[in-house]
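Undergrad: Have a look; sequence and predicted model below, questions after that.
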Amino acid sequence: MAADDLIVELVKEVMPSTGSIDDESLRNAAADALGQLYELNPDIDIFNLTDAQIHDVMAITIANDVCNRMDHQLGQAYEKLKYDPQQIQLYRQDVKEYVQSEVRVVMERHGSAGLDPKSLAHEVLKSTLEVFAS
């Protein structure tokens, strides 16, 4: 089993109502999360994670998935903005950092009871828009 497959399975345990159509998006988000995890801790053993590391990788994966879906929905809007591409990337990075933090907060609030991915994404997106759209 590849590490990103393992992460997708972990996410599905927390968010059981994800369907197979979500697998590719989650797998891409998991690959990004692995990269971030290795940047933070290059010696990490992905197949022997602590509970805290599992929580972190799930939060990063879910946040990346939310950001990827936002980028997909806003792709054409990005092209029409008056800002230069570097400014857009800085803005996207700020949003991504906020979304990662907010996903962690929501996951902690819901505990291990399991999360509905749509309500999680809605809650995170709502707070993100409240912060960044003003």
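TA: Okay, I see it. Residues are numbered from 1 along each chain as shown.
Undergrad: which helices and strands sit right next to the helix of greatest length in the chain?
TA: For the chain, the helix that runs over the most residues, judged by DSSP state H, is helix 51-80. Judged by 3 or more Cβ pairs under 8 Å, 6 or more residues apart in numbering; DSSP states H and E, helix 51-80 is in contact with helix 3-14, helix 23-40, helix 85-110, helix 117-132. All C-beta spots, glycine's among them, are computed from the backbone N, C-alpha and C.
Undergrad: Next, the buried residues of that helix.
TA: By 16 or more other Cβ atoms under 10 Å, the buried positions in helix 51-80 come out as 53, 55-68, 70.
Undergrad: I'd like to know which of these is nearest to Asp94.
TA: Nearest to Asp94 among the buried residues of helix 51-80: Cys67, at 11.2 Å, using Cβ to Cβ.
Undergrad: thought the closest one was touching Asp94?
TA: No - here Cys67 lies out of contact with Asp94, judged by Cβ atoms under 8 Å, at a distance of 11.2 Å.
Undergrad: Please consider this matter closed, and thank you.
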